[in-house]
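Student: Here is my input; please provide its structure:
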Amino acid sequence: MTSLRATLEPRELLRRMFDAAIDSARPDRCLPAWLPEPPNGRTIVVGAGKASAAMARTLEAHWRGPLSGLVVTRYGHAVDCRHIEVVEAAHPVPNQAGMSAAQRMLHMVSGLNAHDLVIALVSGGGSALLPLPARGIALSDKQALSRELLRCGATIREINCVRRHLSAIKGGRLAAAAHPARVVTLLISDVAGDDPVDIASGPTVGDPSTCRDALDILARHAIAVSPVVRHHLESGAGETVKPDDPRLAHSESRLVATPMLALEAAATAARVCGVHPLILSDAIEGEAREVGTVLAALARHSSRHGQPAAAPCVLLSGGETTVTVRNQGRGGRNVEFLLSLAVGLDGLQGVWALAGDTDGVDGTEATAGAIVTPDTLARARVREMRPLDFLDRNDAHSFFSALGDEIVTGPTLTNVNDFRAILVV
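Tutor: Have a look, this model is predicted:
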């Protein structure tokens, strides 16, 4: 550990890597190179997501010519724009503010012609922030279903599949409404695999999934829905716009930031400090506590046997785990992962870890994540805190808060999903 101490302490190095990952995905750094050429006609900007307001501000700063539009972002994530209106709404459970914004967006893109351009600024969180239920379905139906999907441990891919088939704007419907205008979607990905249809449920992207797929997801997780929702899916009324729909012929998507690019930025920060980075994957999914157990075993193997990398090294990963909430704790998939990791490491010396959500909000808390140290469990015992009890309550935020080990960034105005770094020194 001598060489590492000569440069940075483990906590500082972990935070430097996390900050590098976030900085790589900030709109002012990643968006300008992907902007389309101005059209002969009008430019209308629409968008949704935790990064959409920051994306709109960057677009305005680099755009040549007039534009107007509307984007919706999470409460607390708005920034000032001159020409593009910014609306704040609720996340992860949608509300009326988001629904009203979605209705206005559909109206804005209607009646355009082939000389006009729609720029869609889409990032993670857009599904909840752009709730426009299909005809006959109430917002309360979608709110109740959102709560159940979030509690049951469904993956974001499953959740968004259901959302698309109950929406009047997602699953390609926004782009279809803009036809025959050209549509260019600029995406900051927060999903495993970076499939545009899964980012904010693909409002401008053709969707190959079906109502039957949505019904299967509900059945798999034993989620009861209202009769009107079930009829909407069983009748096929909720079918989305498919990839070969002619209304999407002039629609294209550009990925401007991804989880892998963020991990590569963190890897560069590690190398500068003399630490070998190993990127395990940018798409790890599964129960957060189970992922914690597996990665603890991998860290132990690295510490003891120098495989898959020898110390000093850092094991980097991204993706989106899930938490099946069984009790009334504060939740948070990154801190639940970390607490499980700490239990699996059992005080192993020379291993430190940080996990956090790159948007600055882990679950519903105003904290991004936390740090695990070799003495995490020892410090907890001094306070008579039992880690497994906190895991059983899905209350890892309270555990790390009591230890003073939570990471607070505030809204980062971007979102490339979860970041995990396990440092072995």
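Student: Give the next helix or strand downstream of the lengthiest strand in the chain.
Tutor: Ranked by residue count under DSSP state E, the longest strand found in the chain is strand 276-284. Counting by DSSP states H and E, the next helix or strand C-terminal to strand 276-284 is helix 288-305.
Student: returning to what we had before: neighbouring strands - and their directions - for the longest strand of the chain?
Tutor: strand 313-319 (parallel) (DSSP bridges).
Student: next structured bit after the partner strand?
Tutor: helix 333-345.
Student: so how far is stretch 279-290 off the chain centroid?
Tutor: 14 Å (Cα atoms, centre = their mean, to the nearest Å).
Student: start at 540 instead
Tutor: Sure, I'll start counting at 540 from here, so that last one is stretch 818-829.
Student: residues in contact with that stretch?
Tutor: Applying Cβ atoms under 8 Å, 6 or more residues apart in numbering, the contact partners of stretch 818-829 are 692, 694, 731-732, 797-799, 802-803, 806, 830, 834, 837, 854-863, 872-873, 875-876, 878-879, 930, 959. All C-beta atoms are positioned from the backbone trio N, CA, C, and that covers glycine.
Student: Give the buried subset of these as a ChimeraX selection command.
Tutor: Per 16 or more other Cβ atoms under 10 Å, the buried members of the contacts of stretch 818-829 correspond to this ChimeraX selection:
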select :692,694,731,797,798,799,802,803,806,830,834,837,854,855,856,857,858,859,860,861,862,872,873,875,876,878,879,930,959
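Student: just for this structure, where's the confidence low?
Tutor: 540-546 (pLDDT under 70).
Student: Could you chop it up by domain?
Tutor: Here the domain parsing of the chain from automatic domain parsing is 541-562+799-963, 570-780.
Student: between those, which one is nearest to residue 793?
Tutor: In terms of Cβ to Cβ, the element of those nearest to residue 793 is domain 570-780, at 4.8 Å.
Student: centre of the chain versus the closest one, how much separation?
Tutor: 14 Å.
Student: Beyond the stretch of helix or strand residue 645 belongs to, next helix or strand please.
Tutor: Assigned by DSSP H and E, residue 645 belongs to helix 635-648. Next helix or strand after helix 635-648 toward the C-terminus (DSSP H and E): strand 656-662.
Student: Extract the CA atoms of that next one and return them as PDB.
Tutor: In PDB, the C-alpha atoms belonging to strand 656-662 read as follows (Å, rounded to 0.1, in the frame of the first residue of the first chain):
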ATOM      1  CA  LEU A 656     -36.400  19.300 -37.100                       C
ATOM      2  CA  VAL A 657     -37.300  17.800 -33.700                       C
ATOM      3  CA  ILE A 658     -34.400  17.300 -31.300                       C
ATOM      4  CA  ALA A 659     -35.300  14.900 -28.500                       C
ATOM      5  CA  LEU A 660     -33.100  15.100 -25.400                       C
ATOM      6  CA  VAL A 661     -33.600  11.800 -23.600                       C
ATOM      7  CA  SER A 662     -31.900  10.500 -20.500                       C
END
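Student: Only alpha carbons, please: show the helix or strand that it is followed by as PDB.
Tutor: Per DSSP H and E, the first helix or strand lying C-terminal to strand 656-662 is helix 665-668. The C-alpha coordinates for helix 665-668 follow below in PDB (Å, rounded to 0.1, in the frame of the first residue of the first chain):
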ATOM      1  CA  GLY A 665     -37.600   9.900 -18.500                       C
ATOM      2  CA  SER A 666     -40.100   7.100 -18.200                       C
ATOM      3  CA  ALA A 667     -41.400   8.300 -14.900                       C
ATOM      4  CA  LEU A 668     -41.100  12.000 -15.900                       C
END
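Student: Could you list every helix and strand in contact with helix 665-668?
Tutor: strand 582-587, strand 607-613, helix 635-648, helix 695-703 (3 or more Cβ pairs under 8 Å, 6 or more residues apart in numbering; DSSP states H and E).
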